[in-house]
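output the structure for:
(one chain, ligands or ions: 3)
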Amino acid sequence: MKVHILGSAAGGGVPQWNCACAGCTTARRTGAHRTQDSVAVTGDGTAWYLLNAAPDIRTQLTTAGHLDPGPGRRDTPIRGVLLTTAEIDHTAGLLSLREAERLTLFGTGTVLAAIPLIPMLRHYTDLDVHELPIGDPLALDGGLTVRAVVVGTKVPRYADPGVGDAWVSALRITDDRTGRAFVYATCLPGWTETFDDFLKGADTALLDGTFLTDDEMSRETGLARTPRQMGHLPIADTVPALRRHPDMRAVFGHLNNTNPLAGAGTQAPVEVAQDGQTLEW
Ligand code: MLT
Ligand code: MN
Ligand code: ZN
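Ligands and ions are numbered 1, 2, ... in the order given. As a prediction, the model looks like this:
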């Protein structure tokens, strides 16, 4: 299985266009930019699935190389998009996929009901929408199976909270041939027993790296909200829980521009995802 990190930043990216914080200023100077959270996964190297569609998706896809179209004029290796939230940073890229001849989307019933782009996109492409079952396995092309678990209830600011309660999910994608698994959980408000079980035996996990510490947001922005209230367990609180998974490779993605590790590159004390990186096992 291969996981290509298309983008490793939280909403806004690094640097954020209107942010003059220390991290964004440094990123502007060094050119160490991060685009917003989205990854591509394949089991056979031929059929790829996108996990979320960041606003940066067009550039992410045109620079990825192995996601190029062909051999037919409109053939694409992208078989579908799996959405783990309905947030703008995970869904706005759907607009840039409207040129597809057919676009297959997966999400919880809540997420699919909430996204206003879905009715819009039906005017542009043959939209094939599938509800992601919670807990039950779903077969994907290329010898992969996906299972979803609901991890959070945070409603995007624009959305109608009445459409359901499966707002934020994590995905476990298993290679059918080897049984080896990848967990994607870049929006994780807390570490529950359910999530700990979901992670058991996974080879690699891309986890919530939005914030490093609990006081980061208040120190950087003066806002009183804590990372947990924003739906993101800080890395410092995830690290102790990872001791229960000593054989798993844990990589942190969806980094906010306040996170000091966003500019740390390979010097970081934990493994931080980099745009363009491939995780393979
Ligand atoms: C989040 O991850 O919490 C959201 O994407 C926040 C946002 O961009 O509004
Ligand atoms: Mn986000
Ligand atoms: Zn900033």
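
so what touches the lowest-mean-pLDDT helix or strand in the chain?
Across the helices and strands of the chain, mean confidence by mean pLDDT, DSSP states H and E is lowest for helix 216-221: a mean of 85. For helix 216-221, contacts defined as CB atoms under 8 Å, 6 or more residues apart in numbering pick out 21, 211, 223, 224, 225, 226, 227, 230, 234, 258, 259, 260. In short, each C-beta sits where N, CA and C put it, glycine included.

columns secondary structure and pLDDT on top of these, output as TSV?
TSV is the format used below for these (DSSP: H, G, I helix; E, B strand; the rest coil; pLDDT from 0 to 100):
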residue	secondary structure	pLDDT
21	coil	91
211	coil	97
223	coil	83
224	coil	82
225	coil	87
226	coil	91
227	coil	93
230	coil	94
234	coil	98
258	coil	93
259	coil	95
260	helix	93
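
of these, keep whichever come out buried.
Among the contacts of helix 216-221, those classed as buried by 16 or more other CB atoms under 10 Å are 211, 227, 230, 234, 258, 259.

any chance of those residues in JSON lines with distance to ligand 1 as columns?
JSON lines is the format used below for these (distance: CB to the nearest ligand atom, whole Å):
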{"residue": "211", "distance to ligand 1": "10"}
{"residue": "227", "distance to ligand 1": "10"}
{"residue": "230", "distance to ligand 1": "6"}
{"residue": "234", "distance to ligand 1": "13"}
{"residue": "258", "distance to ligand 1": "13"}
{"residue": "259", "distance to ligand 1": "13"}
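
strands of this protein, start to end?
2-7, 38-42, 48-51, 78-82, 102-107, 126-131, 138-140, 144-152, 168-175, 181-185, 204-208, 249-253, 271-272, 278-280 (DSSP state E).

need the ones you listed in TSV (columns: mean neighbour count, distance to residue 217 and mean pLDDT).
Output for the strands of the chain, formatted as TSV (neighbours: other CB atoms under 10 Å; distance: least, CB to CB, whole Å; pLDDT from 0 to 100):
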stretch	mean neighbour count	distance to residue 217	mean pLDDT
strand 2-7	23	21	98
strand 38-42	25	23	98
strand 48-51	24	25	98
strand 78-82	20	28	98
strand 102-107	21	27	98
strand 126-131	14	34	98
strand 138-140	16	35	98
strand 144-152	21	17	98
strand 168-175	23	18	98
strand 181-185	25	20	99
strand 204-208	25	14	98
strand 249-253	21	16	98
strand 271-272	21	18	97
strand 278-280	13	28	96
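
right, I'll leave it there.
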